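> Need the 3D shape of this:
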Amino acid sequence: MKLEFIPLDKLTVSKANMRYAKKAPDVSDILPTVRTRGVIQPLIVRPNCEPGVFEIVGGARRFHAARIVAEERRAAKPASPPDAEPLPCAILEGGDDADAVEASLIENLARLDPDEVTQWETFTRLVKEGRSLAELVATFGLPELTIKRVLALGNLLPRIRDLYRREQIDAATVRQLTLASKARQKEWLALYDDESAYCPTGHQLKAWLFGGASVPVGNALFDVEASGIATVADLFGEDRYFADVGAFWTAQNEAVEARRAAYLEAGWSDAVVVGPDAHFHSWEYEKATKRKGGRVYIVVSPRGEVTFHEGYLTGREAQRARRRDGENGGDTAAPATKPQRPEVTSAMQGYIDLHRHAAVRAALTGHPQVALRLMVAHAITGSHLWSVRPEPQSAPNDAVRESVETCRGETVFDERRRAVLGLLGFDPEEPTVVGGNGDPYGIVGVFLRLLALGDAELLDVIAIVIGESLAAGSAAVEAVGAEIGVRMADWWQADDAFFEQVRDKEVLAMLVAEVAGKSVADANAKEKGATMKRIIRDCLDGTGGRAKVEGWVPKWMAFPPDAYTTRGGVGSVKARALVVAALTADDEPDPASPGAGALPEPDPEAEPAAQPEPEAVPLAA
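Predicted coordinates:
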């Protein structure tokens with residue numbers, strides 16, 4: 001082969017090319033690079049029957065990307081020459097189509113996507129050469145967070161990077177190890193090498209790194225930079241934690257003592273520090289001004305957060321103060337007396353409570369908006385009559401857990417949960433809204449906050465609360481998904497954890513038929529499961545010379561779901577059967593009866609039913 005630069009208008013895509021199709025291929029992944037650096041890797045071409053024209057055997061996507069860039073530049077500068085930047089091409093000698101097909105196949109299969117460690121090595125070299133993060137984003141067309149994640153691998157010891165490259169440790173473990181110092185990484189490697197020792201991985205690793213408790217930098221009352229205490233950033237560089245928790249507490253206690261001294265100097269009668277092992281319940285105290293002897297209570301949480309409660313006295317102290325002031329006609333010199341008899345008996349109190357309860361709940365029927373807010377408060381905090389627990393989302397293994405934690409659905413829900421936590425005045429780092437987050441006033445405190453919210457904000461809260469307490473795998477999930485028209489392709493894409501769980505050869509053959517066609521499935525029916533999975537991946541990614549399949553989800557995950565065989569055992573299909581039975585049967589279905597509520601067999605020739613687009617749920621302001 002010889003190398004030449006050939007103008008765009010002298011190139012066409014050969015029918016022998018693996019990527020030949022009437023429709024232009026997706027080039028969104030390489031377009032930013034072509035815009036920035038042009039086409040670097042030569043196309044493989046051969047002479048066409050028309051003089052001076054060449055057909056592309058390998059490199060069709062680079063050709064299409066170059067055409068787009070050329071059109072963009074012509075639109076920006078109409079007077080510029082049409083083919084100012086010809087493409088580098090390696091010209092094959094004349095031969096038959098078999099030679100061209102073989103060259104196309106080799107050109108496509110010989111490429112292997114670099115792993116994250118190889119990407120880190122490359123990005124690091126570019127940074128040392130002076131490339132900024134913004135330039136890397138523009139050049140490679142990758143999200144900023146993706147590049148930050150790759151660069152964070154530089155915090156790891158070479159051996160840990162090598163373990164990750166060889167897939168001997170997972171991404172969740174690597175994510176936590178990027179927080180560790182080199183010394184802690186060496187300690188972890190020692191545990192990893194010791195077969196008799198417990199080596200923490202995944203999410204358990206964070207607790208091991210921080211000795212059971214991690215303290216965010218934002219909780220410090222002191223100047224962190226001036227203190228010199230080492231901090232570590234998370235994988236994305238957005239959250240920081242103290243590397244030395246002991247040093248943090250030393251500095252934090254000094255800062256708390258300095259604030260306490262400032263309160264005393266300002267004229268408060270006392271400033272009491274309530275440590276992490278004690279509690280401050282505001283209902284046990286009464287507000288009192290500085291002039292009337294009010295104290296300041298400085299509450300320090302186990303995570304180092306500090307809250308200042310100004311102007312409080314205990315209930316007994318407040319009562320004594322009122323007597324001194326003559327508000328109740330009391331005499332401070334009067335001898336102590338025995339406790340007075342209650343004004344009402346316990347039976348009378350029961351009479352009062354039940355009648356007031358009857359009146360309130362009857363009147364509440366005329367105020368559904370208030371009733372709704374009270375119900376939500378109960379769902380959030382619970383009571384001796386209510387028991388509401390968040391769905392634990394227990395995963396069968398680390399791979400499934402990681403897949404769910406990083407999926408689009410969980411990311412969107414977590415973003416909106418944080419907004420609701422802020423709306424209710426809770427710590428946005430709390431894992432759930434359900435549970436009340438230690439509100440000192442319980443249901444009443446949450447209820448009063450909800451009364452202050454508008455209807456739109458209340459609906460945001462309700463959506464999060466019911467989402468947290470919606471049981472995974474239940475018929476309720478099935479009914480809701482069908483009612484609001486959830487389109488799983490908008491929320492899910494096949495990942496490594498999915499392919500790891502699919503092991504049934506019969507089912508794999510049917511998945512291949514769905515994405516690649518029945519002829520491909522029949523031709524590969526006796527192949528190994530790994531080969532079938534590779535075919536499915538190629539169809540979903542548009543690699544290996546296969547047309548890209550958009551929006552595919554397996555039947556089990558769609559709304560409504562379906563099974564591939566008649567063997568049963570698909571939980572989502574069982575849940576759907578219960579929903580159908582509830583919609584169609586006069587009598588309650590018997591879940592134990594064979595085929596109760598079973599769905600009719602799908603018609604393999606029928607077109608799949610179109611699903612409505614999911615309605616966007618606005619975040620609370």
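
> Every contact and neighbour count from this point should use C-alpha atoms.
Will do.

> Just after the helix or strand bottoming out on mean pLDDT in the chain, pick out the following helix or strand.
Within the chain, no helix or strand scores below helix 97-109, which has a mean of 54 by mean pLDDT, DSSP states H and E. Moving toward the C-terminus from helix 97-109, the next helix or strand (DSSP states H and E) is helix 116-128.

> Could you export that following helix as CSV, keeping only the C-alpha atoms?
Extracted as CSV, the C-alpha positions of helix 116-128 are listed here (Å, rounded to 0.1, in the frame of the first residue of the first chain):
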residue,chain,number,x,y,z
GLU,A,116,-9.4,3.1,31.9
VAL,A,117,-5.8,2.7,33.1
THR,A,118,-4.5,3.1,29.5
GLN,A,119,-6.7,6.2,29.2
TRP,A,120,-5.2,7.5,32.4
GLU,A,121,-1.7,7.0,31.1
THR,A,122,-2.5,8.9,28.0
PHE,A,123,-4.5,11.7,29.7
THR,A,124,-1.6,12.2,32.2
ARG,A,125,0.9,12.6,29.4
LEU,A,126,-1.3,15.2,27.8
VAL,A,127,-1.7,17.1,31.1
LYS,A,128,2.0,17.1,31.6
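
> mean confidence score for it?
Helix 116-128 shows a mean pLDDT of 71.

> Endpoints of stretch 474-491, how far apart?
19 Å (C-alpha to C-alpha, to the nearest Å).

> hmm, I was thinking of stretch 262-277
24 Å.

> Same question for stretch 274-290.
End-to-end span of stretch 274-290 (C-alpha to C-alpha): 19 Å.

> Pull out the buried residues from that stretch.
V274, G275, F280, Y285, E286, K287, A288, K290 (16 or more other C-alpha atoms under 10 Å).

> And the residues you listed, which is closest to K2?
Taking C-alpha to C-alpha as the measure, K2 sits nearest to G275 out of these, at 77.8 Å.

> hmm, back to that, now render the buried residues of stretch 274-290 as JSON lines, adding distance to A547.
Output for those, formatted as JSON lines (distance: C-alpha to C-alpha, whole Å):
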{"residue": "V274", "distance to A547": "65"}
{"residue": "G275", "distance to A547": "63"}
{"residue": "F280", "distance to A547": "64"}
{"residue": "Y285", "distance to A547": "70"}
{"residue": "E286", "distance to A547": "72"}
{"residue": "K287", "distance to A547": "71"}
{"residue": "A288", "distance to A547": "74"}
{"residue": "K290", "distance to A547": "76"}
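
> tell me which strands and helices the host helix or strand of R159 is in contact with?
Per DSSP H and E: R159 is located in helix 158-165. Contact partners of helix 158-165 among helices and strands, from 3 or more C-alpha pairs under 8 Å, 6 or more residues apart in numbering; DSSP states H and E: helix 116-128.

> now what about the helix it packs on, what contacts it?
L133, L136, V150, L151, L153, G154, R161, D162, Y164, R165 (C-alpha atoms under 8 Å, 6 or more residues apart in numbering).

> For PyMOL, write the select line for the buried members of those.
In PyMOL syntax, the buried subset of the contacts of helix 116-128 is picked out as below (16+ other C-alpha under 10 Å):
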select buried, resi 133+136+150+151+153+161+164
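
> of the contacts of helix 116-128, closest to E71?
Using C-alpha to C-alpha, those come closest to E71 at L136, 23.8 Å.

> Report pLDDT for the closest one.
pLDDT, L136: 73.

> and it, that one's in a helix?
Yes - the assignment for L136 is a helix, going by DSSP: H, G, I helix; E, B strand; the rest coil.

> how close does it get to D26?
21 Å.

> and what of V232?
V232 is 40 Å from D26, by C-alpha to C-alpha.

> ranges for the helices of the stretch 351-500 of the chain?
Assigned by DSSP state H, counting those that start in this stretch, the helices in the stretch 351-500 of the chain fall at 368-381, 398-405, 408-423, 442-451, 455-468, 475-484, 496-501.

> Pipe those helices into TSV and attach distance to R62 per row.
Converted to TSV, those look like this (distance: least, C-alpha to C-alpha, whole Å):
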stretch	distance to R62
helix 368-381	55
helix 398-405	32
helix 408-423	30
helix 442-451	56
helix 455-468	45
helix 475-484	41
helix 496-501	28
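
> Mean neighbour count added to these, as JSON lines?
JSON lines is the format used below for these (neighbours: other C-alpha atoms under 10 Å):
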{"stretch": "helix 368-381", "mean neighbour count": "20"}
{"stretch": "helix 398-405", "mean neighbour count": "17"}
{"stretch": "helix 408-423", "mean neighbour count": "17"}
{"stretch": "helix 442-451", "mean neighbour count": "18"}
{"stretch": "helix 455-468", "mean neighbour count": "19"}
{"stretch": "helix 475-484", "mean neighbour count": "16"}
{"stretch": "helix 496-501", "mean neighbour count": "13"}
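
> Tell me which of those approaches D538 most closely.
Using C-alpha to C-alpha, the helices of the stretch 351-500 of the chain put helix 496-501 closest to D538, at 12.8 Å.
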